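Colleague: model the structure of this input:
(chains A and B)
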Amino acid sequence: MIYIPTIGIECHVQLKTKTKLFSEVDNDARGKEPNACVSPVDYALPGMLPRLNGAAIKYAILAGRAMNCKINPYSRFDRKHYFYPDSPKGYQITQFYHPIIGAGWVELPSGTKIRIEHAHLEGDAGKLTHFDTYSLVDLNRVDTPLIEIVSMPDIHSAKDAHDYCKELWRLMCYAGVTYGDLYNGNMRFDVNTSVAEEGSEQLGTRTEVKNLNSFKSVERAVEYEIVRQTKLLEAGEKVVQQTLGWNDATGKTSPQRSKEVAADYRYMPEPDLPPIHLTEEFIATESAKLPLMPADYRAKFGEIIAHDTLEILLDYPELMLKLNEISLQTGLAADVVLISNLFASVLLAEEKSAEYLNDLPSAADLAKLADMNTKKELSSTATKEVFLKMFDPQMKGRGTEQIAKELGLIQENDLGALEAIVDTVLKKPETKKAQDDFRAGEEKVIGFLVGQVMKESHGKANPSAVQDILRKKLA
Amino acid sequence: MEVDVSTIKHLARLSDFRLSEAEEESLAGDLKSIINYISELDKLDTSGVEPTYQVFEMENVWREDEILPQDASREELLALTKEEKDNQIKVPKVL
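Modeller: Prediction:
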């Protein structure tokens, strides 16, 4: 019997607004003390009312458009009630009945399309730290704006689950709505997995693995659940519908102790927040701010940049922006190819690459580098060297040509000048024997002669041009 | 809608209230009469009437995304809690 897995994923994305979703307090708690970014609204003090952050609505439009989703002109908020110390209000403000983002789809690098059911705005909960006899509550994260993205159950392998999460991350980073810092939980994934006999009309009983924060853990957790559930079914047992936690160290899922006996959220319309009614013009204006997305770059550069290189570079929106700028400036595919290879094989291999990404050389300087390489003014080794120096705090900003000159790396291509150097070398007595040997048909001594010319030129001659001249003169 | 002591027990558990049996009895009675009173509205024919979510004709009440000084400091807010530890709110162990 063959079992087919079916996976649906809910993803929470923290938005990078300056303030929280419902109050004018600092939303950026990175590196700050517990409860330093907290307002009376977060404490749900009596009489405190939520005030909706307009930037979150604009980010929601961008996030939605990044996933080819319809933006709903009418949306509103609801209260989802639960009693837990991470939420002083006793409810979460979310969009249960009328979400702002409607149906859409995300295309994976493989070409597979995963449909988006909907996505909505909501406030995050606080953070709990558990100790032996008590728990501590930090409300910094309370009402950080989140977009929850709900996929259709269109995913059928652990690999696609991984790729879907990664693509979502890319889309949200390109759209500029999140810092995308996975390590600090800026994006978190809840994964629903079930398996069913091949050809079955009905899906199997699903389990939900909550709160995964890396693509790798999503892939491993799904893989584990597929195997676990398939084994159960093969043994004639049943899968129990339950919420599971994932342990990265053991590589296993295990049942989570539930917060409540039964989930009964008693949704009701949020009376403190008037509905959102977006005009077509507003949606169009905000949507137009969406920059190029990974799919746009694949369409634009897929033919000229190698697939694997492009997929690596797509993890870095800054690099794709720069390549696009170069492409717009020079219109030369060769320039884009050369710089993309330098980005992938030289820049990203550098220990300080993360630092460098924040301060890339200008597109004009990079285009000049590609140009000098094309004109053979720089050898491929010299091109790499100049490229790296463009990030050097001592060197950067001086312009490509200046850096190349200072390093003495510009190749001599002037045929007249090269001929003069070749002549000098050929007049030297120590090259006499090699010249005779070459004329006598000993092909490999040409290397020795080229080497002598290179030495004479202090390494600046273009070796292939030198060889051409030598062959002519020795013919 | 059926309202009895088990409804009260369920709601109390969801909200982590501890009620005495006498309180459960009396609240069940109160809630039942409230629900019955409101249920009179069910007799009205509301077919074709849009659901009312709010009685003010307001929409799109947004604010700018600018940080403003808060009326209460972290210390003042923490002082309102029953117990604090290391700048955090200390609560009975959960989970």
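Colleague: can you pull out the low-pLDDT segments for the stretch 1-150 of chain A?
Modeller: Counting by pLDDT under 70, the stretch 1-150 of chain A has no low-confidence residues at all.
Colleague: repeat for chain B
Modeller: B:95.
Colleague: please list the residues of chain B that sit near chain A.
Modeller: Counting by C-beta under 8 Å from any C-beta of the partner chain, chain B comes close to chain A at B:10, B:13-16, B:53-54, B:56, B:58-68, B:70-72, B:74, B:77-78, B:80, B:85-95. For glycine as for every other residue, the C-beta is placed from the backbone atoms N, C-alpha and C.
Colleague: among these, name the ones in helices.
Modeller: When the residues of chain B next to chain A are checked against helices (DSSP state H), the matches are B:10, B:13, B:14, B:74, B:77, B:78.
Colleague: sorry, back to before: just the buried residues of the residues of chain B next to chain A.
Modeller: Neighbour-count burial (16 or more other C-beta atoms under 10 Å in any protein chain shown) applied to those gives B:13-14, B:53, B:62, B:65, B:70, B:74, B:77-78, B:88-91.
Colleague: dump the residue contacts of the residue nearest to the spatial centre of chain B.
Modeller: Of all residues in chain B, the one closest to the mean position by C-alpha atoms, centre = their mean is residue B:15, 8.9 Å from it. Neighbouring residues of residue B:15 by C-beta atoms under 8 Å, 6 or more residues apart in numbering or on different chains: A:83, A:90.
Colleague: ok, 6 Å please
Modeller: residue A:83 (C-beta atoms under 6 Å, 6 or more residues apart in numbering or on different chains).
Colleague: now swap in residue A:318 and tell me
Modeller: Taking C-beta under 6 Å, 6+ apart as the test, what residue A:318 contacts is residue A:357.
Colleague: ok, so of the ones in helices among the residues of chain B next to chain A, who is nearest residue A:438?
Modeller: residue B:74 (83.3 Å; C-beta to C-beta).
Colleague: how near is the closest one to residue A:170?
Modeller: 36 Å (C-beta to C-beta, to the nearest Å).
Colleague: now residue A:42
Modeller: 31 Å.
Colleague: the more surrounded of these two?
Modeller: residue A:42 (27 against 23; other C-beta atoms under 10 Å in any protein chain shown).
Colleague: work out for me the element the nearest residue to that one once chain neighbours are set aside sits within.
Modeller: Excluding the flanking residues, the one nearest residue A:42 by C-beta to C-beta, 6 or more residues apart in numbering or on different chains is residue A:142, at 4.3 Å. Here residue A:142, judged by DSSP states H and E, is contained in no helix and no strand.
Colleague: what does residue A:142 show for phi and psi?
Modeller: phi -60, psi 130 (degrees, to the nearest 10).
Colleague: burial count for it?
Modeller: Residues near residue A:142, counting by other C-beta under 10 Å: 30.
Colleague: thought it was touching residue A:126?
Modeller: Yes - when contacts are counted by C-beta atoms under 6 Å, residue A:142 is listed as touching residue A:126 (4.5 Å).
Colleague: re the thing from before, most widely separated two among the ones in helices among the residues of chain B next to chain A?
Modeller: Pairwise distances across these peak at 36.8 Å for B:10 and B:74 (criterion: C-beta to C-beta).
Colleague: what's next to the lengthiest strand in chain B, contact-wise?
Modeller: Longest strand in chain B, counting residues (DSSP state E): strand B:88-92. The contact list for strand B:88-92 (C-beta under 6 Å, 6+ apart) reads A:34, A:85, A:134, A:135, A:136, A:137, A:138, B:81, B:83, B:84.
Colleague: buried subset of those residues?
Modeller: Neighbour counting over the contacts of strand B:88-92 (16+ other C-beta under 10 Å) leaves A:34, A:85, A:135, A:136, A:137, A:138, B:84 as the buried ones.
Colleague: which ones among these map onto strands?
Modeller: Using DSSP E, the buried ones among the contacts of strand B:88-92 in strands are A:135, A:136, A:137, A:138, B:84.
Colleague: so, low pLDDT: which residues of the stretch 251-400 of chain A?
Modeller: A:257-262.
Colleague: related to what we said a few turns ago, mind putting the contacts of strand B:88-92 into a markdown table with distance to residue A:162?
Modeller: Conversion of the contacts of strand B:88-92 to a markdown table gives the following (distance: C-beta to C-beta, whole Å):
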| residue | distance to residue A:162 |
| --- | --- |
| A:34 | 33 |
| A:85 | 34 |
| A:134 | 38 |
| A:135 | 33 |
| A:136 | 34 |
| A:137 | 33 |
| A:138 | 31 |
| B:81 | 42 |
| B:83 | 43 |
| B:84 | 42 |
